[in-house]
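S.K.: structure for this input, please:
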Amino acid sequence: MNDREKLDYANWIPVKLLMVSGTVGGILAVLFGLSFLIAGGAVLIVLRVLLAAAAVLFLGLFGYMAHARRLLSYEGGGVQGRILDNVLAYLHWNGEGLLLDIGCGSGAMAVKAAKKYPNARVTGMDYWGAAWDYARSQCEANARLEGVSDRTAFQKGDASKLEFPDAYFDAAVSNFVFHEVRSQPDKLALIREALRVVKPGGAFSFGDVFFSRTHYPDLEALIRELSGDVAELHFVDTRQNDFVPGFLKTPLVAGQMGLIYGLK
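M.R.: Residues are numbered from 1 along each chain as shown. Next up is the predicted model:
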């Protein structure tokens with residue numbers, strides 16, 4: 001690997017988010033300072049208070065996210081990799097056949113799976129939207145640099161309507177993806193679509209923000225419904241772990257993690 005060929009698994013906290021929060025916070029702080037050049041009464045005082053509060057909020061968000069990004073990164077704390085390792089740890093599969101990674105992003109979990117299961121062929125699928133620092137070419141480069149390009153393939157797609165036949169894969173994984181799929185707000189239907197392409201008896205392990213009431217308002221009902229669709233289903237409260245620092249266990253990052261796994 002030369003200096004121009006380096007692994008790039010990016011970060012779950014996009015640079016764009018840091019730029020927006022930092023820029024907005026900086027502008028608000030400047031406006032707060034400039035407000036003291038203007039003479040005024042009670043209205044101006046209220047405006048200053050609002051500007052100060054907003055500046056603190058956005059700059060605080062910037063500071064939190066910047067540190068969280070460092071902890072998540074592979075070059076820093078490496079938390080992203082440990083979370084993906086945990087998803088694969090709950091995939092009860094012998095590694096023979098085809099595996100699908102739904103929402104593969106930078107290809108990190110697809111590559112991990114290909115390295116963990118040397119007899120498997122792994123397909124990574126993602127929408128690769130503009131909001132994220134991911135691309136198909138990035139996935140392919142990472143797979144090549146990790147020595148698994150001969151057993152990995154990546155394609156663009158929509159998790160709400162997978163372009164694969166029924167029962168096509170021997171196993172499927174996904175992490176922090178389902179809640180981001182805007183094309184299907186019904187997450188039960190979305191998970192059922194993921195299970196549709198898994199063979200009967202095939203393994204699955206899906207991590208997401210299952211404790212978010214916004215995306216999963218009735219988690220117990222979802223688990224109950226899915227249990228009737230598969231041969232075996234388990235739920236793990238992955239908020240209770242020792243591989244994510246407490247600093248990251250907030251709703252903004254990894255404080256609502258859960259995992260469903262089992263056999264179809």
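S.K.: can you give me the helices for the stretch 51-200 of the chain?
M.R.: Remark: helices assigned in the stretch 51-200 of the chain by DSSP state H, counting those that start in this stretch are 79-89, 108-116, 136-145, 187-196.
S.K.: tell me which strands and helices the longest one is in contact with?
M.R.: Right, the one you point to is helix 79-89. helix 42-72, helix 108-116, strand 169-175, strand 198-208 (3 or more C-beta pairs under 8 Å, 6 or more residues apart in numbering; DSSP states H and E). Any C-beta I mention is one placed from the backbone N, CA and C, and that applies to glycine too.
S.K.: make a markdown table out of those and add mean neighbour count, distance to M257 and mean pLDDT.
M.R.: Shown next, in a markdown table, are the helices and strands packed on helix 79-89 (neighbours: other C-beta atoms under 10 Å; distance: least, C-beta to C-beta, whole Å; pLDDT from 0 to 100):
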| stretch | mean neighbour count | distance to M257 | mean pLDDT |
| --- | --- | --- | --- |
| helix 42-72 | 16 | 13 | 96 |
| helix 108-116 | 24 | 15 | 98 |
| strand 169-175 | 26 | 9 | 98 |
| strand 198-208 | 21 | 6 | 98 |
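S.K.: can I get the ones you listed in CSV with distance to L100?
M.R.: Putting these into CSV (distance: least, C-beta to C-beta, whole Å) gives the following:
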stretch, distance to L100
helix 42-72, 24
helix 108-116, 9
strand 169-175, 4
strand 198-208, 8
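S.K.: those: which one's closest to G246?
M.R.: Closest of the helices and strands packed on helix 79-89 to G246 is helix 42-72, at 10.6 Å (criterion: C-beta to C-beta).
S.K.: packing partners of the closest one?
M.R.: helix 15-34, helix 79-89.
S.K.: what helix or strand is the most far-flung residue of the chain relative to its centre located in?
M.R.: Taking C-alpha atoms, centre = their mean as the measure, the residue most remote from the mean C-alpha position of the chain is A39, 48.5 Å away. Using DSSP states H and E, A39 maps to neither a helix nor a strand.
S.K.: low-confidence regions, this structure specifically.
M.R.: 1-4 (pLDDT under 70).
S.K.: could you chop it up by domain?
M.R.: 15-72, 79-263 (automatic domain parsing).
S.K.: need the winner for burial among those domains.
M.R.: domain 79-263 (a mean of 18; mean count of other C-beta atoms under 10 Å).
S.K.: how long is that domain end to end?
M.R.: 27 Å (C-alpha to C-alpha, to the nearest Å).
S.K.: go on, stretch 26-45?
M.R.: Taking C-alpha to C-alpha, stretch 26-45 runs 20 Å from one end to the other.
S.K.: what's in contact with it?
M.R.: L47, R48, L51, A52, A54, A55, F58, L59 (C-beta atoms under 8 Å, 6 or more residues apart in numbering).
S.K.: quick check: the residue farthest from the centre of the chain vs E163, distance?
M.R.: A39 sits 64 Å away from E163, going by C-beta to C-beta, to the nearest Å.
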